[in-house]
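Chemist: how does the following fold in three dimensions:
(one chain, ligands or ions: 2)
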Amino acid sequence: MSEEQIKNLEAEFEARIARDEKIEPKDWMPEKYRKTHIRQISQHAHSEIVGMLPEGNWITRAPSLRRKVALLAKVQDEAGHGLYLYSACETLGISRDELYEQLHSGKAKYSSIFNYPTVTWADMGAIGWLVDGAAIINQVPLCNTSFGPYARAMVRVCKEESFHQRQGYEIMLKLCQGTSEQKELAQDALNRWWWPSLMMFGPTDAESTHTEQSMKWKLKRKTNDELRQQFIDQTVPQAEILGLTIPDPDLKWNEDRKSYDFGEINWDEFWQVVKGYGPMNKERMKARVGAWESGEWVRDAAMAHAEKKATSLKKEVS
Ligand SMILES: [Fe+2]
Ligand SMILES: [Fe+2]
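Modeler: Ligands and ions are numbered 1, 2, ... in the order given. This next block holds a predicted model:
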């Protein structure tokens with residue numbers, strides 16, 4: 001293809017996005033668009049399945065049958081989110097095996113929030129309320145993103161996320177209406193999860209390298225700082241209902257901006273965790289790789305069964 005032809009294709013491609021048309025897997029797309037989407041969708045898929053780990057280890061310790069059923073359903077939803085997203089990613093020409101290999105070798109990133117430990121039952125409340133709450137704010141705009149398979153997967157993901165957020169908030173509410181020890185557990189969980197949740201929106205706009213291009217492709221509709229502010233403004237009144245204190249002495253309503261001002265985020269901690277030095281990075285990878293290895297016999301058995309079926313089907317046909 002000549003340079004001129006590529007330029008024309010690119011112009012037509014950008015025009016389609018500007019018209020809010022969906023880009024489908026078999027459509028022509030610039031290589032950079034394909035690569036960026038593989039990176040973002042796979043990171044998202046990895047986050048969903050690594051995100052099962054901190055909560056999965058509480059299923060057996062949930063305090064009642066009702067809590068156990070809800071947590072189990074939530075963790076299963078996250079597995080489902082991972083599967084839709086891996087499938088969407090595969091349509092861009094990368095295999096599932098390659099994607100897993102990137103995760104297991106440490107080449108691919110996943111959301112740093114899952115590198116923090118879950119030490120009490122209240123953490124299940126704080127995660128649902130804050131982490132899934134932040135995920136919704138990040139993900140709702142993606143329902144309108146330009147790449148069709150990603151946008152369609154996100155519609156269902158977001159519906160399920162709102163159930164996750166509510167089940168978490170309900171755990172917090174119950175704890176806050178309970179004994180003083182229970183309320184202390186809830187406060188302690190908020191203290192530990194608040195700042196990492198704010199970090200989920202990524203570095204500040206000034207530091208973010210992908211924002212401009214991603215806005216153009218509608219992979220992003222709002223900047224990191226705008227989304228973070230939206231999360232804070234939405235979450236502070238919810239903490240007030242719980243009667244909990246947000247661990248930020250600088251948090252204050254700003255009447256002029258009609259928004260909350262907030263304190264400095266510890267960006268050193270953020271980068272440390274991103275680089276693999278968070279409290280649970282090693283543990284999470286060990287659990288993930290361990291699950292992959294101990295599941296090998298299941299994959300082998302499924303393949304052998306599929307082959308056997310295909311052979312007997314062939315015999316029937318001939
Ligand atoms: Fe999810
Ligand atoms: Fe979720």
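
Chemist: every contact and neighbour count from this point should use C-alpha atoms.
Modeler: OK.

Chemist: tell me the contacts of Val75?
Modeler: By C-alpha atoms under 8 Å, 6 or more residues apart in numbering, the contact list for Val75 reads 52, 55-56.

Chemist: let me have the residues you listed in JSON lines, extended by neighbour count, pLDDT and distance to ligand 2.
Modeler: Putting the contacts of Val75 into JSON lines (neighbours: other C-alpha atoms under 10 Å; pLDDT from 0 to 100; distance: C-alpha to the ion, whole Å) gives the following:
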{"residue": "Met52", "neighbour count": "20", "pLDDT": "96", "distance to ligand 2": "9"}
{"residue": "Glu55", "neighbour count": "21", "pLDDT": "95", "distance to ligand 2": "10"}
{"residue": "Gly56", "neighbour count": "17", "pLDDT": "94", "distance to ligand 2": "12"}
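
Chemist: which residues of the stretch 51-200 of the chain lie near ligand 2?
Modeler: Within the stretch 51-200 of the chain, the residues that sit near ligand 2 (C-alpha under 5 Å from the ion) are 132, 161.

Chemist: average pLDDT for stretch 227-240?
Modeler: For stretch 227-240, mean pLDDT rounds to 98.

Chemist: so Tyr260 is in which element?
Modeler: strand 259-261 (DSSP states H and E).

Chemist: give me the next element, helix or strand, following that strand.
Modeler: helix 267-272.

Chemist: in this structure, where's the longest helix?
Modeler: Looking across the chain with DSSP state H, the single longest helix is helix 148-176.

Chemist: elements contacting the following helix or strand past it?
Modeler: Later in the chain than helix 148-176, the nearest helix or strand by DSSP H and E is helix 180-199. Contact partners of helix 180-199 among helices and strands, from 3 or more C-alpha pairs under 8 Å, 6 or more residues apart in numbering; DSSP states H and E: helix 122-126, helix 148-176.

Chemist: tabulate those helices (a markdown table), appending mean neighbour count, mean pLDDT and distance to Gln139.
Modeler: Putting those into a markdown table (neighbours: other C-alpha atoms under 10 Å; pLDDT from 0 to 100; distance: least, C-alpha to C-alpha, whole Å) gives the following:
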| stretch | mean neighbour count | mean pLDDT | distance to Gln139 |
| --- | --- | --- | --- |
| helix 122-126 | 26 | 98 | 19 |
| helix 148-176 | 20 | 96 | 7 |
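
Chemist: quick one: closest of the ones you listed to Glu24.
Modeler: Nearest to Glu24 among the helices and strands packed on helix 180-199 is helix 148-176; the distance by C-alpha to C-alpha comes to 5.5 Å.
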